[in-house]
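> have a look at this prediction, sequence included:
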Amino acid sequence: MIYRTVTFLAIALLLLLQNGCGTSPESGRLHIVVSISPFAYFAERIGGEHVDVSVMVPPGGNPHSYEPTPRQMSALSGASLFVKAGSGVEFELDWMPRILSLNPELRICDASEGVPLIPMHQEDAQAHEDSASGQTHQHGRYDPHYWLSPDNAVLITRNIEKALGSIDPSHRPLYAANAATLVAELQALRHDIHEQLAPVRNRNFLVFHPAWGYYADAFGLKQIAAEEEGKTMTPLQLQRVIEKARDADIRVVFVSPQFGKVQAETIAGDIGGTTGTVDPLARDYIDNLRKATDAFTGAMQ
């Protein structure tokens, strides 16, 4: 807490100095800041040469625990727009109030507007036992990873298009045209994934971190997740996941690059399988979903 307070005060001082100098982006383009990498893809595709995009949570960073640097926070003073996930990502829950208190004029685009968020599935949200009370409880929150459904990606595209057109109306027709092109590609992506997954019979896949629920719902699959919110699993939880994997005839445990592999490798060893990697935060959205589909298809055969 003391560290965060000192960091916050240092950021505030940097912002005061920067604002006092009246700096502006040298490129003349709109400076767009996004919370996570997939949104950078949408902002760049829609904004084209008229935007510079930066990401708060860097590649490999964990949005459940990441803390921005003073330099990142200082750079927000020159931003034209901040694109947030708006779905309960811990980074935003912790830092958006501070970002807005330091930048009260910053325009915000909620990329989740209009998206039907789904609760964490019962099997994906492990019950945690309170060591003092001995009681168990479920985290009653929504799954924040909605961007992994192509239909939701269309809504993200529309939301960013609307936000860019609002702050830069002179280029609104260009943003609309770029968005229309992207929407067509996303619809083709959805069709291709449906076609690729259609012959798959065993439609269960195991992920260590429960990031692929919207993808599973979109394509008639079932995600079985091991852990919740990056917490270390207890031996009992590990055993339950191993039993589920065996019952579902699963031989691959998929991990995200943002999380450690030790417990995933333990599960894989006990089911006589292997680990694979799928990244819910890769920047190139369309290419990433195609690669993830290849990986899931191969594992579910």
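Perfect, I can see it now.
> contacts only, for residue 203.
Contact analysis of residue 203 by Cβ atoms under 8 Å, 6 or more residues apart in numbering lists 197, 220-222, 300. To be clear about C-beta, it is placed using only N, CA and C from the backbone, and glycine gets the same treatment.
> which ones among those map onto strands?
Of the contacts of residue 203, the ones assigned to strands by DSSP state E are residue 222.
> switch the contacts of residue 203 over to a markdown table; also include distance to residue 39.
As requested, these are exported to a markdown table (distance: Cβ to Cβ, whole Å):
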| residue | distance to residue 39 |
| --- | --- |
| 197 | 25 |
| 220 | 26 |
| 221 | 24 |
| 222 | 27 |
| 300 | 29 |
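> of the contacts of residue 203, just the buried ones, PyMOL syntax please.
Entered in PyMOL, the line below selects the buried ones among the contacts of residue 203, by 16 or more other Cβ atoms under 10 Å:
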select buried, resi 197+221+222+300
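> show me how this protein divides into domains.
For the chain, the structural domains run 2-123+145-186, 198-300, going by automatic domain parsing.
> between the ones you listed, which one is nearest to residue 192?
Shortest distance between residue 192 and the domains of the chain, using Cβ to Cβ, is found for domain 198-300: 7.5 Å.
> now the closest one: mean pLDDT?
The average pLDDT within domain 198-300 is 94.
> roughly how far is it from the heart of the chain?
The chain centre lies 16 Å from the centre of domain 198-300; the measure is Cα atoms, centre = their mean, to the nearest Å.
> quick check: end-to-end length of that domain?
Start-to-end span of domain 198-300 (Cα to Cα, to the nearest Å) is 12 Å.
> returning to what we had before: with distance to residue 192 added, can I get the domains of the chain in JSON lines?
Putting the domains of the chain into JSON lines (distance: least, Cβ to Cβ, whole Å) gives the following:
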{"stretch": "domain 2-123+145-186", "distance to residue 192": "10"}
{"stretch": "domain 198-300", "distance to residue 192": "8"}
